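> This is a predicted model, with the sequence first.
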Amino acid sequence: MEAAAAAAPRLGRRRTSRTTRALRDRRRGGAGHRPRLHDFVEVDRPAPRGRFAIATREEPVTGLSLAEARAYAADRGARLPTEDEWQLAAEEGLLGRAEPLVWNWTESEHTDGRTRFAILKGGSAFRAEGSDWYVDGGPQPPEFSLQYLLAGPLQRSEYIGFRLAVDL
């Protein structure tokens with residue numbers, strides 16, 4: 001019985017060839033994988049950080065938290081752009097905006113020791129009306145930054161999307 005079991009093929013055994021490992025690493029964003037850069041533009045930024053590439057279009061995903069957007073980007077071998085990178089690219093006219101407009105998550109997250117907030121860029125087609133306390137809706141200039149309170153599951157919104165960036 002033992003000899004028959006030993007001779008039987010091992011079902012579900014994974015191949016571990018270089019190609020298989022490379023494909024797995026590419027899917028996971030590891031082993032130096034970078035996303036395809038055909039939809040990215042290169043941008044110079046002041047020292048010490050150097051050049052980076054940013055997606056010219058937003059990812060077709062909304063309703064993710066900041067952590068989920070970061071994970072989505074990492075899974076593709078990229079990251080979210082910082083507030084400064086987003087602004088620099090927007091000021092140079094390099095960023096396309098899809099309709100309906102959505103705010104863009106950035107990697108710029110801050111805390112005052114009590115609360116956490118992230119910076120959103122770009123503006124949204126949604127305009128809340130009825131109170132001066134509501135955030136300004138509509139497209140916003142590149143230099144406009146919105147401090148968005150990170151309040152657990154409330155950070156998900158159909159009016160917040162993101163784009164990808166990579167260091168070069």
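That came through fine. Residues are numbered from 1 along each chain as shown.
> Just name whatever secondary elements the longest strand along the chain is in contact with.
When the chain is parsed with DSSP state E, its longest strand is strand 103-111. Where contact means 3 or more CB pairs under 8 Å, 6 or more residues apart in numbering; DSSP states H and E, strand 103-111 is packed against helix 66-75, helix 83-91, strand 116-121, strand 145-149, strand 160-161. (Glycine included, C-beta is placed from N, CA and C.)
> again, 10 Å this time
Contacts defined by 3 or more CB pairs under 10 Å, 6 or more residues apart in numbering; DSSP states H and E place strand 103-111 against helix 66-75, helix 83-91, strand 116-121, strand 123-124, strand 145-149, strand 160-161.
> in it, what's buried?
Neighbour-count burial for strand 103-111 flags 103-109 (criterion: 16 or more other CB atoms under 10 Å).
> and of these, the nearest to G123?
W103 (6.7 Å; CB to CB).
> isn't the closest one right up against R163?
No: taking CB atoms under 10 Å as the definition, W103 is not a contact partner of R163, at 11.4 Å.
> intersection of neighbour lists for these two?
The overlap between the contact sets of W103 and R163 (CB atoms under 10 Å, 6 or more residues apart in numbering) consists of 121-122.
> In this protein, what helix or strand scores lowest on average pLDDT?
Least confident element among the helices and strands of the chain, by mean pLDDT, DSSP states H and E: helix 18-28 (a mean of 41).
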